[in-house]
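Participant: Let's see this in three dimensions:
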Amino acid sequence: MKTNNNQTFKQVQSKQIELGRQVQIDYPDIVNEYRDIKNGIDNIVLNIMNKYNLHSEDIAKGVLHMALHGYDGIGSFVKIQGYKGLMSERDMLDISLQRKFYRNS
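Facilitator: So this is what the prediction gives:
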């Protein structure tokens, strides 16, 4: 994971987990945007970068991942309560496959 400002892995992961939950609150329509396979995720990632003043696309992608997948809080050095993701693993896989098919068509 690439980071700016020499952030440690723990700091980055903690920020992604915290902001993942915040994205769930601030962007209730993020699932619909993510499901729209024609638009890709670049706009979503850019919106996250702008809204939360993030300087790394990789960190913003991690935030999106946490919002969609959730965080179980188990076995982590990060002391943040777990939360459910906005999408099931099956839905995530289906959309991922649809995106791959769409790009290759």
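Participant: you'd agree Ile95 is up against Ile37?
Facilitator: Yes - taking CB atoms under 8 Å as the contact criterion, Ile95 and Ile37 are neighbours in contact, 6.7 Å apart. C-beta here means a position set from N, CA and C on the backbone, and glycine is covered the same way.
Participant: Output the below-cut-off pLDDT ranges for the chain.
Facilitator: Under the criterion of pLDDT under 70, the regions of the chain flagged as low confidence span 1-7, 75-76.
Participant: Would you map the helices across the protein?
Facilitator: Assigned helices in the chain, in chain order: 9-26, 30-35, 42-51, 57-69, 89-104 (criterion: DSSP state H).
Participant: Need the residues that contact the third one.
Facilitator: When you say that, I think you mean helix 42-51. Helix 42-51 is contacted by residues 19, 23, 26-27, 30, 33-34, 54-57, 60-61, 63-64 when judged by CB atoms under 8 Å, 6 or more residues apart in numbering.
Participant: mind checking which of the helices of the chain is nearest Val78?
Facilitator: Nearest to Val78, of all those, is helix 9-26, at 4.8 Å by CB to CB.
Participant: buried sites along that closest one?
Facilitator: 12-24 (16 or more other CB atoms under 10 Å).
Participant: likewise stretch 33-47?
Facilitator: Residues of stretch 33-47 classed as buried: 34, 37, 41, 44-45, 47 (neighbour count, 16+ other CB under 10 Å).
Participant: ok, so of these, who is nearest Arg90?
Facilitator: Of all those, the one with the least separation from Arg90 (CB to CB) is Tyr34, at 14.4 Å.
Participant: Distance of the closest one relative to Asp72?
Facilitator: For Tyr34, the distance to Asp72 (CB to CB, to the nearest Å) stands at 20 Å.
Participant: again, but for Ile80
Facilitator: In this view, Ile80 and Asp72 are 11 Å apart by CB to CB.
Participant: In terms of packing, which of those two has more residues around it?
Facilitator: Neighbour count, other CB atoms under 10 Å: between Ile80 and Asp72, Ile80 has more, with 14 against 11.
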